[in-house]
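**Student:** Generate a structure from the sequence data that follows.
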Amino acid sequence: MNERAHVFKRCSCQNTTTGHLWGARCPALCEEGHGTWYFSLELPVGRDGHRNRVRRGGFGSRQAAEQARAYLLGEDVDSDRALITTGQWLDLWLDTRTVSFSTHRIYAQHVRDYVKPHLGGVPLRDLTTGRVQAMFTSLTRTVGTGHKPLSPATLRKIRGVLHAALNGAIRRGLIDRNPAHWVELPPARRPKAVVWTDARVAHWQATGERPPVAVWTPAQTATFLDANRGHDLYALYLLVALVGLRRGEAAGLRWCDLDLDNAVLMVSHQVQDHNGRTVICPPKTQASVRAVAMPRVAVTVLRHLRQTQRRRWPDGVPTGFVFAKSRGDPFSPGYLTHTFHRLAANAGVPPIRLHDLRHGAASLTLAAGGELKVVQAMLGHDSIVLTADTYTTVLPCLAHQTAEATAALLLHAAHRTVRKLRSRSRRSRNHYGPRKGRAGGPRPAIRKIAA
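**Tutor:** Numbering: from 1, shown residues only. Model (predicted):
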C-alpha cells in the first residue's frame with residue numbers, strides 16, 4: 001500500500017477575489033466546526049492496469065477520517081473509536097470489492113441513488129432495522145427508469161447490496177448485528193420468457209405492449225439472420241442465437257479460442273464496458289469457463305470471416321479478436337446491443353433484448369431434442385435449476401408435439417379399456433348362455449329412445 005496517504009481538512013467556501021473554492025487553503029479552517037475532513041491514498045493497480053486513487057470526505061473529525069483510511073490500508077478498526085456514517089462506510093466497502101466491473105457499477109448505482117439519500121447521514125452504529133425498513137417503504141413509491149415504480153426485484157437487489165455491506169461492517173467489528181436482515185419486502189417473481197406468437201405480435205402492434213422477456217420463434221430467428229447475412233456482425237449474432245453466448249463472451253472471442261477443425265470454441269474471458277473504456281476481464285462465474293460445440297453452419301461462417309479478415313490483415317488481426325473493429329480492437333457490449341436493436345427493427349421482427357437471444361438458444365436446443373444438462377453446460381450455468389426456471393421456454397411447436405403425444409396416450413388407453421370390456425362381456429355370454437327374460441324366453445331388446 002502507498003504510505004503517502006494523508007488526511008486533510010477542506011471546505012466549500014468561495015474566494016470572492018478569484019471566484020474559485022478555497023478548499024484546503026481556506027483561512028477559516030482553523031476554526032472549530034468549519035469544513036470537513038478528507039483522506040486520500042492509492043490502492044494497488046487494478047486489473048485494467050490503471051492507478052486506483054481514492055479520495056473520500058465528509059468526515060466530522062480527523063479521527064473518523066483516519067479510521068476510514070486505516071480500513072482501506074488493511075488495518076483493524078477500533079469499534080469504540082469508529083465515528084463513520086453509513087454512507088461513508090458504503091463508500092469504503094465499495095472501494096474494496098473484488099467483483100466484475102459491471103457488478104461494481106450496479107452496486108455503486110444502488111448505493112448512490114437509493115441507499116445514501118435515505119441512510120447516508122445516519123451514524124453506522126445508530127442504524128436500526130426500523131430505519132432500513134422506512135427506507136424501503138419510501139422506495140416502494142420511488143419512480144425508477146421508464147417512469148415506473150421500482151420493481152420488487154430491484155428492491156431485493158438494493159437490499160442485497162446493503163446487507164452485504166453491513167455484513168462487512170460486522171466482520172470489522174463496527175456493528176454487532178445486521179439491520180437489513182429482517183427487512184420485509186414485497187414478493188418478487190422472476191419474469192418468464194414468452195414466445196412472440198402471431199396473436200402476441202398482433203397485440204403488440206395494436207397497443208405497443210410488450211412482455212419484459214420474450215423470445216423469437218424459429219421462423220422469426222431465421223428471418224432476422226437472413227435479413228442481416230451480409231452484416232459485419234452476422235457471425236456474432238449467429239453464435240449467440242445457436243449456442244447462447246453472452247454478449248461479453250462473444251465480443252471477447254479470439255481466434256486462438258476457436259478450433260474450427262473440431263467445431264469447438266473455448267470461453268476463457270469476456271469484454272465489458274468500464275467508465276467509457278472496453279476492458280477484458282474473467283468470465284462471469286467459474287462455470288462460464290467452458291468448451292462449446294459449434295454447428296457446421298457456424299464453422300462455415302467463421303471460416304469465411306477469417307478469409308475476409310486476412311485480406312485486410314495478411315498477418316492476422318493484430319489483437320487476435322474474432323470480431324474486431326478497423327484497428328483490431330474488440331466491439332464494446334453496449335455497441336453490440338445497440339446494433340442488434342437496429343438490425344432487428346430493420347428486419348421487421350418483434351423486439352427482444354440481445355440477452356433474450358440467449359434465452360432462445362436454450363429453447364431451440366430443447367426443441368431439437370437436447371437434454372437439459374447439455375443446455376446447462378452450453379450456457380455455462382452453475383445450477384441446472386437456473387437453466388430450467390429462467391432460460392428455457394417451451395416453444396409452440398414443442399408444446400404442440402407434447403400435447404398431441406399426451407392425447408394419443410390417452411386415446412390409446414381408452415381404446416384398450418373398451419377392448420377389455422368387450423372381451424369380458426363376450427366371455428360372460430359364452431359361459432352362462434343367452435340371457436332370458438322374466439317369462440323364460442329371450443330378453444327383449446331395449447328400445448332406443450331418440451333424444
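**Student:** How far away from the center of its chain is the helix or strand containing residue 373?
**Tutor:** According to DSSP states H and E, residue 373 maps onto helix 372-379. The chain centre lies 17 Å from the centre of helix 372-379; the measure is CA atoms, centre = their mean, to the nearest Å.
**Student:** Equivalent analysis for stretch 210-230, please.
**Tutor:** For stretch 210-230, the distance to the chain centre is 20 Å (CA atoms, centre = their mean).
**Student:** Strands along this protein, start to end?
**Tutor:** If DSSP state E is used as the criterion, the strands of the chain fall at 6-14, 21-23, 36-43, 52-59, 194-195, 214-215, 258-259, 264-267, 270-274, 277-281, 290-293.
**Student:** For the fifth one, name the packing helices and strands.
**Tutor:** Looking back up the chat, that one is strand 194-195. strand 214-215 (3 or more CB pairs under 8 Å, 6 or more residues apart in numbering; DSSP states H and E). Placement of C-beta: from N, CA and C, glycine included.
**Student:** got the contact list for the strand it packs on?
**Tutor:** 193-196, 200, 350-352, 356-357, 359-360, 363, 393, 395 (CB atoms under 8 Å, 6 or more residues apart in numbering).
**Student:** What residues sit buried inside stretch 27-46?
**Tutor:** 29, 35-41, 43 (16 or more other CB atoms under 10 Å).
**Student:** Mind picking the two most distant members of those residues?
**Tutor:** 29 and 43 (27.1 Å; CB to CB).
**Student:** before we move on, back to that, rebuild the buried residues of stretch 27-46 as CSV, extending it with pLDDT.
**Tutor:** Converted to CSV, those look like this (pLDDT from 0 to 100):
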residue, pLDDT
29, 77
35, 78
36, 78
37, 78
38, 79
39, 76
40, 78
41, 75
43, 64
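**Student:** Just the closest of the residues you listed to residue 423, please.
**Tutor:** Nearest to residue 423 among those, with distances taken as CB to CB, is residue 43, at 84.7 Å.
**Student:** Low-confidence stretches in this protein?
**Tutor:** 1-5, 43-52, 60, 71-83, 143-147, 390-402, 429-451 (pLDDT under 70).
**Student:** quick one, longest helix in it?
**Tutor:** Scanning the chain for the helix with the most residues, using DSSP state H, yields helix 396-432.
**Student:** Quick check: which helices or strands does that helix pack against?
**Tutor:** Using 3+ CB pairs under 8 Å, 6+ apart, helix 396-432 sits against helix 354-367.
**Student:** CSV for the buried residues of stretch 27-46, including distance to residue 14?
**Tutor:** Conversion of those to CSV gives the following (distance: CB to CB, whole Å):
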residue, distance to residue 14
29, 14
35, 13
36, 16
37, 20
38, 18
39, 24
40, 22
41, 28
43, 32
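**Student:** All set, thanks.
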